[in-house]
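Q: Below are the sequence and a predicted model for it; my questions follow.
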Amino acid sequence: MQRTNRLLLDELEHSRRMTKSQGESVLNLHEQVEAARQQKRKLEEEYVAKLRRFNEESQQQMELDQRAIRLRTVGWWRTGRVTRLAWLSKTTDFGKRLQV
């Protein structure tokens, strides 16, 4: 009888230790999951910040490129117009009409 009681007490103690150990394992897993979530949030925030910075820089570069294209086009048109007028004045009577 005492032996049976002792075995039951040992088994109960063992099961309590296992439950406590499993509980600690579960808590440890919860902590790891929470740490992983925080790391994920941090990485997502960094990614969004880098993406915004890249988009802003791309937008600025695109505006600069468009401005340069406009300036080149206007410059080409101005120099081209003068060249075309000079060519017209040499090759046709347009220059004579222009001088009158």
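A: Thanks, I have it.

Q: give me the element residue 68 is part of.
A: Assigned by DSSP states H and E, residue 68 belongs to helix 2-91.

Q: on contacts alone, who are the packing partners of that helix?
A: On a contact count with 3 or more C-beta pairs under 8 Å, 6 or more residues apart in numbering; DSSP states H and E, helix 2-91 meets helix 94-99. From N, CA and C alone the C-beta is placed, and that goes for glycine too.

Q: So for the helix it packs on, mean pLDDT?
A: Averaged across helix 94-99, the pLDDT comes to 50.

Q: and if you look at stretch 62-71?
A: 81.

Q: Any regions of the chain where pLDDT drops low?
A: For the chain, the stretches with pLDDT under 70 are 1, 72-100.

Q: Spatially central residue for it, please.
A: Centroid-nearest residue in the chain, with C-alpha atoms, centre = their mean: residue 51, separated by 2.3 Å.

Q: how close does it sit to residue 38?
A: 20 Å (C-beta to C-beta, to the nearest Å).

Q: just how off-centre is stretch 2-13 within its chain?
A: 62 Å (C-alpha atoms, centre = their mean, to the nearest Å).

Q: and what of stretch 48-63?
A: For stretch 48-63, the distance to the chain centre is 9 Å (C-alpha atoms, centre = their mean).

Q: buried sites along it?
A: Buried residues in stretch 48-63, defined by neighbour count with 16 or more other C-beta atoms under 10 Å: none.

Q: how about that stretch as PDB, C-alpha atoms only?
A: Taking C-alpha atoms only, stretch 48-63 is exported to PDB below (Å, rounded to 0.1, in the frame of the first residue of the first chain):
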ATOM      1  CA  VAL A  48       9.100  50.800 -46.400                       C
ATOM      2  CA  ALA A  49      11.500  53.600 -45.500                       C
ATOM      3  CA  LYS A  50      14.000  52.500 -48.100                       C
ATOM      4  CA  LEU A  51      11.200  52.100 -50.700                       C
ATOM      5  CA  ARG A  52       9.900  55.700 -50.000                       C
ATOM      6  CA  ARG A  53      13.400  57.100 -50.200                       C
ATOM      7  CA  PHE A  54      14.000  55.300 -53.500                       C
ATOM      8  CA  ASN A  55      10.600  56.500 -54.900                       C
ATOM      9  CA  GLU A  56      11.400  60.100 -53.900                       C
ATOM     10  CA  GLU A  57      14.900  59.900 -55.500                       C
ATOM     11  CA  SER A  58      13.400  58.300 -58.600                       C
ATOM     12  CA  GLN A  59      10.800  61.100 -58.800                       C
ATOM     13  CA  GLN A  60      13.400  63.800 -58.500                       C
ATOM     14  CA  GLN A  61      15.600  62.100 -61.100                       C
ATOM     15  CA  MET A  62      12.700  61.800 -63.500                       C
ATOM     16  CA  GLU A  63      11.900  65.500 -63.000                       C
END
